[in-house]
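K.L.:
sharing a model that was predicted from the sequence below.
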Amino acid sequence: MNIIMPLNSIGIIHTAFKRPEGTPIQPAYADGAEGIIELFPDYREGLSDMEGFERIWLIYWFDRTIPARLKVVPFRDNVERGVFATRAPCRPNPIGLSAVRLLGIDGLKLRVADIDILDGTPLLDIKPYIPSIDSFPESRAGWFADSRNERRQADDRFE
């Protein structure tokens, strides 16, 4: 059964990355790249109590990816994988998730670092990163644990 779920953008993500090619493929590979999260005025009150969090989750819409595929060759592999076993952007619901460092808040603008998102990407939500519940360092990582591919930046395979 298909259920229609309306989503509203709560802001826009601003970065130096204009095209997928050359964009870091995860925040861990972003080498401190900075960006600005611009929240729309209707959501101002939602920023209350954000100070003190070192990291936040950004949930966003991959608005410039190719149509969904169920099998993809992910950036860090040379083998075709099921899309749900990857972080490829061409998903049935193209939702992205990145844990970035929160550097500061000025009004409706959040300054962040370690960002791996294209400039102009629609922001769907922000959630605090809480290490004691968001980190499972001993978890198995499937095929990724055996990957020998050291790629840290995107190419054009999903645009």
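P.N.:
Noted; the coordinates are in hand.
K.L.:
following the top strand by length along the chain, which helix or strand comes up?
P.N.:
Criterion DSSP state E: the longest strand present in the chain is strand 95-106. The element immediately downstream of strand 95-106 (helix or strand, assigned by DSSP states H and E) is strand 109-113.
K.L.:
which helices and strands sit right next to that next one?
P.N.:
Here strand 109-113 touches strand 34-39, strand 55-61, strand 95-106, going by 3 or more Cβ pairs under 8 Å, 6 or more residues apart in numbering; DSSP states H and E. All C-beta atoms are positioned from the backbone trio N, CA, C, and that covers glycine.
K.L.:
and the longest strand of the chain, what does it pack onto?
P.N.:
Here strand 95-106 touches strand 55-61, strand 109-113, going by 3+ Cβ pairs under 8 Å, 6+ apart.
K.L.:
what's the burial count for residue 147?
P.N.:
By other Cβ atoms under 10 Å, the residues close to residue 147 number 16.
K.L.:
kindly report the same for residue 45.
P.N.:
6.
K.L.:
ramachandran coordinates for it?
P.N.:
With angles defined as degrees, to the nearest 10, residue 45 sits at phi -60, psi -30.
K.L.:
surely residue 31 meets residue 24?
P.N.:
Yes: counting by Cβ atoms under 8 Å, residue 31 touches residue 24, with 7.2 Å between them.
K.L.:
which of the two has more neighbours?
P.N.:
Neighbours per residue, other Cβ under 10 Å: of residue 31 and residue 24, the larger number sits with residue 24, 20 against 10.
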